[in-house]
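**Q** following is a predicted model, sequence given first.
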Amino acid sequence: VGLAAVVIAAVCAGGGHGIYSPAAILFPYTMLSTGLLKTITAPFILLALLQFPAYGAMIGWAMHRSKGKAAVRVIAIVHALAAIAALFGRGQSFYP
């Protein structure tokens, strides 16, 4: 899932000349950083690459504690809230 998300976001961004909404939806934490930095820096690219594996690790850990469904719900809610913030709180200088 993570690799597919990276490819989708990169293709849609078009090397800086495309749209960033898919990246904001798929990688909201990284895209939120652009509000302050006005660019995507290497540490936040690393965060984006590790985001989905981290989700999987958290869900796997929670499943061992019989709390897998709760973990999925929490991750989905936090991700959705971050994506909304990234989409609607975005700086006009970064997004076309």
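**A** Yep, it's here. Small disclaimer: the values here were computed from a predicted structure and weren't measured.

**Q** what number of residues lie near Leu26?
**A** Each residue near Leu26 was counted by other CB atoms under 10 Å, and the total is 23. No exception for glycine: its C-beta is placed from N, CA and C like everyone else's.

**Q** give me the spatial nearest neighbour of Ala9, chain neighbours excluded.
**A** Nearest residue to Ala9, sequence neighbours excluded (CB to CB, 6 or more residues apart in numbering): Ala23, at 4.0 Å.

**Q** tell me the pLDDT of that neighbour.
**A** On pLDDT, Ala23 comes in at 90.

**Q** so His79 sits against Leu26, correct?
**A** No. In this structure His79 lies outside contact range of Leu26 using CB atoms under 8 Å: 9.2 Å.

**Q** give me the contact list for the strand or helix carrying the residue nearest to Ala9.
**A** According to DSSP states H and E, Ala23 maps onto helix 21-26. Here helix 21-26 makes contact (CB atoms under 8 Å, 6 or more residues apart in numbering) with Ala5, Ile8, Ala9, Cys12, Ala13, Thr30, Met31, Ala83, Ala86, Leu87, Arg90, Tyr95.

**Q** are any of the residues you listed buried, and which?
**A** In the contacts of helix 21-26, burial by neighbour count holds for Ala5, Ala9, Ala13, Thr30, Met31, Ala83, Ala86, Arg90, counting by 16 or more other CB atoms under 10 Å.
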